[in-house]
Each structure stands twice: as C-alpha cells, then as structure tokens.
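>>> Provide a 3D model corresponding to the input given below.
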Amino acid sequence: MSFLKNSFVAWACALIILLVLIWFSLFTGVKDVRFWDLFGDGDKLVFFVVSRIPRTLALILVGSGVSIAGFVLQQLSQNRFVSPTTSGALEAAKMGILTALIFIPNSSLFVRMLFALGFTFLTSFLFIFFVHKVKLRSTVFIPLIGLMFGSILSAVSTFFAYKHGIVQNTQEWLLGDFSSVMQGQYEAVFLVLPAVAIIYLYADKITIAGMGESFAKSLGLSYEAIVYLGLFVVSMVVSSSVVTVGAIPFLGLIVPNVVSMIVGDNFRRTLPLIAYVGAVFLLICDLMGRLIVYPYEVPIGMIVGVIGSVVFLVLILKRK
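Next comes the predicted model:
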C-alpha cells in the first residue's frame, strides 16, 4: 500500500512538472501572449493556435520519440552508446531529404520524409549488420565507428549540396530548431505516436532480440523480423523529426542512459519514463534557448548538443 501511494505521488509530481513546462512553453516568446489575451485578442489567439501549440506538441513528440528510438537502437545493437547520433541515422535522414530536393525540387514534406525514411532504414540496417560482424565489441569502439560513418554521409551530402547550389536549404537540418514550427508544417511528427505504440507492443520481443540472435532463435523468435521492425520504427521517428525540426544530436543517447542508470534496464517498464524524461528535457532546453539571449533565440540543437556531448563524455569516462 505504501509503495502504491509513493508511486502515485511520484507520478503526480511528474505530471505537475510537465504541465508547468508546457504552460511556460505556450506563453514564453518574443511575442507577448498571456492567457487572458486568448479571450479578447483575435490576432494573438490565431498566433497561439498556429504557432505556440504546434511548437509545444512538436517538442513533446520529438523529445519522447527520439529518446525511445535511441533506446531501441541500444537494445538491438547491445551497446549503451549507440543512438541516432552515433549510428549515422541523423545524417542518413539529411541525405534522404537532400536527394528528394535534387531529384524532385518541388517535393512535398511527405515525399521528403519518405526519402529520409528510406535512407535512414538502409543506414540503420547497415550499421546493425556491421555491429554484429565486428569482432572488437568495445562499448566505445562501436559508437565511434558510427560517428565516423555519419561524418562520411554528412560530407557526401555537403558535396552534392554545393554541387547543386542548395546549401542554404540544407542548413536548416544541421541544428534542430523549433522556431519555424507552425500549423500545417509539423504534422509529420505525429508519426511518433504509432511508432511508440508499436515499440511498446513488441517491447518483450525487442528485449529478447537484444540478447542476441542465437538466444532469440532458441526461444522461437523470428530475430530478423524483430530487427527489421525495430529499425523501421526507429527510421519513422528519426525521419519525421529531422524533416520537421532538423537534427537534435545526442538526445537519443543521454536520456535512455540516464534513465537506465536510475531505474534499471527493464525495457517495457522504462519506456514511459524515457518518453517523459525526453519530453521534459527538450522542453527545458527549448525554454533555455528562448531566454538565454532574449529576444533572440538559440537553436535547441545547439543547446542539446552541448549538454549531450558533455554527458556522453562523462558516460564514456565512467564506463572506463
């Protein structure tokens, strides 16, 4: 009884923290919008609905989705330092968008996302295949190889961007930025919802697959099918987030690791907590970006990148 009471209090406090952050996210910015303005000022109400609400929803969905995607990659690769950042997935999504712009210059957001999805899935599959083939299974060696792989993809993308004169178009994907999120331009991130639902439904099978191919097959599990499913869902999350707000580095790495250090590695049990911490962390970083050099705004990708790189270094040193 005492345990249930403590759990209820903990989740109630967590919900209050999330609601407070959502409130500040909705009413913080260069344009002064207050709660009572929504009932008497039509222009501010339109701005609130078109800009502030989509931005806050995108923050929550991207924060939760990318964090969970990182956790899935860590399970499938059996490496705590693998994430969309350290596996080349973010750079693959950028390359997919660039390819869409080169071959279909007037492509819609949906078409760009499909290209990003295809490139991300292929790259993630190649990375997992490499992880299973490499003999040196160091926890540090694998993500470093992933970073090198991502750098190669980024260099190739930059070369073709220069060649086709669309460098300006690619700059918006280099660092995640929610300032341009508006109604009608962010709906792709809602793909995070079915992706997270699929991950939760197959949580036990992903856990078994994460224990190795031979162990999974000994239990009668179709190992390849679960790996393909996991990589496809991760690709859905990464491509939809990159095409909407750009790349947010290290988010899928630091959140799962910090949560696992506190509550353990039970995949199904930690999924809701990882989603919550990812959303809260991104909301806090976004508010920091809006307030540090107010009335200007620091891209959230820069803030998350600085914090994430420091935490990544600390985790590596701690493992050593």
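>>> How many residues are close by Phe35?
10 (other Cβ atoms under 10 Å). Backbone N, C-alpha and C define where each C-beta goes, glycine included.
>>> Leaving out chain neighbours, which residue sits closest to it?
In this structure, Phe35 finds its nearest non-sequential neighbour in Phe27, 6.7 Å apart by Cβ to Cβ, 6 or more residues apart in numbering.
>>> Now do the SS call for Cys285.
helix (DSSP: H, G, I helix; E, B strand; the rest coil).
>>> Spatially nearest residue to it, not counting backbone neighbours?
That would be Ile303: by Cβ to Cβ, 6+ apart, it lies 4.6 Å from Cys285.
>>> I'd like the mean pLDDT over the one helix or strand the one you found maps to, please.
For Ile303, the element it lies in under DSSP states H and E is helix 300-319. Across helix 300-319, pLDDT averages out at 84.
>>> Now it: buried residues?
Within helix 300-319, the residues scored as buried using 16 or more other Cβ atoms under 10 Å are 300-305, 307-308, 311-312, 315.
>>> Name the residues of stretch 35-51 that are buried.
Applying 16+ other Cβ under 10 Å to stretch 35-51 flags 37-38, 44, 47-48, 51 as buried.
>>> Can I get it in CSV, CA atoms only?
Provided in CSV are the C-alpha atoms of stretch 35-51 (Å, rounded to 0.1, in the frame of the first residue of the first chain):
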residue,chain,number,x,y,z
PHE,A,35,-3.6,33.6,-21.0
TRP,A,36,-6.4,36.3,-20.8
ASP,A,37,-5.3,37.6,-24.2
LEU,A,38,-6.7,34.5,-25.8
PHE,A,39,-10.3,35.6,-24.9
GLY,A,40,-10.1,39.2,-26.1
ASP,A,41,-7.5,39.4,-28.9
GLY,A,42,-8.2,37.6,-32.1
ASP,A,43,-4.7,38.1,-33.6
LYS,A,44,-3.0,36.7,-30.5
LEU,A,45,-5.4,33.7,-30.4
VAL,A,46,-4.6,32.9,-34.0
PHE,A,47,-0.9,33.2,-33.3
PHE,A,48,-1.3,30.9,-30.3
VAL,A,49,-3.1,28.2,-32.2
VAL,A,50,-0.9,28.4,-35.4
SER,A,51,2.5,28.7,-33.7
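>>> which outside residues touch that stretch?
26-27, 31, 33, 181-183 (Cβ atoms under 8 Å, 6 or more residues apart in numbering).
>>> Apply 7 Å and report the result again.
Contacting residues not belonging to stretch 35-51 are listed as 27, 31, 33, 182-183 [Cβ atoms under 7 Å, 6 or more residues apart in numbering].
>>> What average pLDDT does it get?
On average, stretch 35-51 scores 85.
>>> quick one: which helix or strand includes Arg290?
helix 267-291.
>>> quick check: angle from that helix to helix 300-319?
With axes from the mean of the first three to the mean of the last three Cα atoms, to 10 degrees defining the directions, helix 267-291 sits at 130 degrees from helix 300-319.
>>> quick check: mean pLDDT across helix 267-291?
92.
>>> Go through that helix and flag the buried ones.
Of the residues in helix 267-291, those buried (16+ other Cβ under 10 Å) are 267, 270-271, 273-287, 289-290.
>>> How about stretch 94-108?
Result for stretch 94-108 [16+ other Cβ under 10 Å]: buried residues 94-101, 107.
>>> and those, which of them are in helices?
For the buried residues of stretch 94-108, the ones inside helices are 94-101, with DSSP state H as the criterion.
>>> Dump those residues to TSV, plus distance to Leu15.
Listed next are these as TSV, based on distance: Cβ to Cβ, whole Å:
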residue	distance to Leu15
Lys94	35
Met95	39
Gly96	37
Ile97	36
Leu98	40
Thr99	42
Ala100	39
Leu101	41
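>>> Can you classify the closest residue to Leu90 other than its chain neighbours by secondary structure?
Spatially, and ignoring its direct neighbours in sequence, Leu90 is nearest to Ala247 (4.4 Å; Cβ to Cβ, 6+ apart). Secondary structure assignment for Ala247 (three-state DSSP): coil.
>>> so how many other residues sit close to Ala247?
By other Cβ under 10 Å, the residues close to Ala247 number 26.
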